[in-house]
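**Q** 3D model of this:
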Amino acid sequence: MLRILARLLAVAFAAVFVVCAAAGVFLRVAASRLTQPQVYKDALAKERFYDRIPAIAAEVTARVLQNGDRMRGVRNDPTEESAAGLLLQFTPADRETLFGAVLPPSYVRQQTDQALDQLFDWLHSTAAVPTVTISLGELKQKMTSPATEEAYLRILRTKPPCTTSELRADGGLPVGCCPSPEDLPQVQQGFHMVMEQAAGQIPETMDLCKVLGENSATDAATRMLTEVRTPLVELEWAAWWSLGVPAVLLVLIAALAVRSVRGWMLWWGIPSLIAGSAGVALALSAGPVANWINACCVLPNIPVDASAAQIEPLTGVVRFVVQSVMDAALRSAGVLALAGLAAVILGLVIGAPSKTAEVAKSK
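**A** As a prediction, this is how the structure comes out:
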């Protein structure tokens with residue numbers, strides 16, 4: 001009777017082991033990746049986020065200026081207003097060309113990597129509020145560099161020739177027409193002056209979280225950071241125990257039911273094979289899982305006026321991160337399944353009683 005009860009308990013522990021081991025594989029992998037900045041750096045690079053920045057910056061800047069969010073603060077500043085007005089007069093493609101000169105991928109990637117490092121340092125600290133400081137010194141230099149001026153001239157060369165009235169109407173800084181060679185030095189000087197004065201209004205450094213928190217449209221994102229922090233820290237803590245519980249269950253199974261090497265192989269091998277196979281099956285569902293996260297968690301929190309150029313990199317990053325977690329879980333689950341299969345085979349073949357022993361036992 002006690003032997004039957006022990007075996008029933010061992011079966012129950014084996015069933016719990018299957019659930020805990022399969023969940024533990026994903027828990028440990030998720031904790032090791034979601035709480036580290038490198039996976040997000042790789043995702044941004046894979047999605048060509050840094051190459052898309054000029055187009056995204058051009059769209060966002062135009063929308064902000066058109067909505068009057070900046071114009072309300074610069075109406076008394078004719079220098080900044082002229083720079084803003086100049087940007088609004090350009091076509092989207094022209095704005096992208098200018099931002100491409102001001103925001104090269106190397107600079108954007110450097111600042112993004114540093115921002116991610118600061119953000120995840122805060123995640124593992126005791127500070128209440130995140131501080132993500134980015135350097136704008138290189139940006140200011142790019143605004144007044146010959147490369148930006150050349151980008152402006154390259155835009156003008158694609159336009160029809162300017163008339164005298166058009167040049168006057170544009171205040172000496174044409175946008176929709178190309179000045180004559182005689183007027184070009186004066187236009188270059190005027191453009192350089194506007195960019196130099198606009199760059200002077202930009203600080204050397206900026207706390208990104210503080211700036212986002214001052215904007216009602218992005219304040220929710222900064223609040224979400226503090227809300228997500230606790231679950232991520234708890235995830236790391238739970239990951240430490242994700243392998244301990246299955247290990248304890250295997251010891252209990254062995255103590256209750258194992259009486260031979262053959263039994264040991266089967267009692268450990270079969271649950272490991274089932275848990276690993278279940279983990280492999282779940283890990284192969286990366287695509288549907290990423291789509292579900294985007295549909296339920298990402299897209300509802302994106303502003304309704306966001307364009308496809310802004311949404312695609314974000315959803316792409318989610319897909320990459322999910323795929324990264326699932327790929328690592330697939331490898332771990334595969335190892336568990338193969339180990340379980342090997343144990344089962346050993347239990348059935350090596351530990352099986354020979355025919356000679358069975359005949360002798362029957363006599």
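
**Q** now do the strands in this structure.
**A** In the chain, the strands defined using DSSP state E lie at 133-135, 205-207.

**Q** point out the most buried one among the ones you listed.
**A** The highest mean neighbour count among the strands of the chain belongs to strand 133-135 (a mean of 15), with neighbours defined as mean count of other Cβ atoms under 10 Å. Every residue, glycine included, has its C-beta placed from N, CA and C.

**Q** quick one, what contacts the residue nearest the centre of the chain?
**A** Residue closest to the mean C-alpha point of the chain, counted by Cα atoms, centre = their mean, is residue 40 at 4.0 Å. Under the criterion of Cβ atoms under 8 Å, 6 or more residues apart in numbering, the contact partners of residue 40 comprise 116, 317, 321.

**Q** closest one of those to residue 239?
**A** residue 321 (16.4 Å; Cβ to Cβ).

**Q** how many residues are close by the closest residue to residue 21 other than its chain neighbours?
**A** In space, residue 21 comes closest to residue 275 once its chain neighbours are excluded; the distance is 3.8 Å by Cβ to Cβ, 6 or more residues apart in numbering. In terms of burial, residue 275 registers 25 neighbours under the definition other Cβ atoms under 10 Å.

**Q** and residue 244, by the same measure?
**A** Residues near residue 244, counting by other Cβ under 10 Å, number 11.

**Q** next: residue 264.
**A** Using other Cβ under 10 Å, residue 264 is surrounded by 19 other residues.

**Q** pretty sure it sits against residue 255.
**A** No - counting by Cβ atoms under 8 Å, residue 264 sits too far from residue 255 to count as a contact (11.1 Å).

**Q** which residues touch the residue nearest to residue 21?
**A** If a contact means Cβ under 8 Å, 6+ apart, then residue 275 has 17, 18, 19, 21, 22, 25, 246, 333, 336, 337, 340 as its contacts.

**Q** now do the first one against residue 275, distance only.
**A** Looking back up the chat, that one is residue 17. Between residue 17 and residue 275 the computed distance is 7 Å (Cβ to Cβ, to the nearest Å).

**Q** what sits in contact with each of the two?
**A** Shared contacts of residue 17 and residue 275 (Cβ under 8 Å, 6+ apart): residue 246.

**Q** if we can go back for a sec, dump the contacts of residue 40 into CSV; add neighbour count as well.
**A** Putting these into CSV (neighbours: other Cβ atoms under 10 Å) gives the following:
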residue, neighbour count
116, 18
317, 20
321, 19
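
**Q** mind listing which of the residues you listed are in helices?
**A** Taking DSSP state H as the definition of helices, the contacts of residue 40 contribute 116, 317, 321.

**Q** of these, closest to residue 347?
**A** Of all those, residue 347 sits closest to residue 321, with 39.1 Å by Cβ to Cβ.

**Q** contacts only, for that closest one.
**A** Counting by Cβ under 8 Å, 6+ apart, residue 321 makes contact with 33, 34, 39, 40, 43.

**Q** mind picking the two most distant members of those residues?
**A** 34 and 43 (11.4 Å).

**Q** just to revisit the earlier point, next, format the strands of the chain as CSV and append distance to residue 11 and mean pLDDT.
**A** As requested, these are exported to CSV (distance: least, Cβ to Cβ, whole Å; pLDDT from 0 to 100):
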stretch, distance to residue 11, mean pLDDT
strand 133-135, 57, 90
strand 205-207, 58, 89
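
**Q** would you mind giving these as CSV with distance to residue 192 added?
**A** Rendered in CSV, the data for the strands of the chain read as follows (distance: least, Cβ to Cβ, whole Å):
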stretch, distance to residue 192
strand 133-135, 23
strand 205-207, 24
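
**Q** and these: which comes nearest residue 240?
**A** strand 133-135 (31.7 Å).

**Q** which elements pack onto that closest one?
**A** Packing partners of strand 133-135 (3 or more Cβ pairs under 8 Å, 6 or more residues apart in numbering; DSSP states H and E): helix 105-123, strand 205-207.

**Q** can you report how many residues lie near residue 210?
**A** 14.

**Q** equivalent analysis for residue 332, please.
**A** When neighbours are defined as other Cβ under 10 Å, residue 332 has 18 of them.

**Q** contacting residues for it?
**A** 25, 28, 29, 279.

**Q** okay but the last one is in contact with residue 336, surely?
**A** Yes - when contacts are counted by Cβ under 8 Å, residue 279 is listed as touching residue 336 (6.6 Å).

**Q** which residues do those two both contact?
**A** 21, 25.

**Q** burial count for the closest residue to residue 285 other than its chain neighbours?
**A** The spatially closest residue to residue 285, leaving aside those adjacent along the chain, is residue 326, at 7.5 Å (Cβ to Cβ, 6+ apart). The local packing count at residue 326 equals 22, with neighbours defined by other Cβ under 10 Å.
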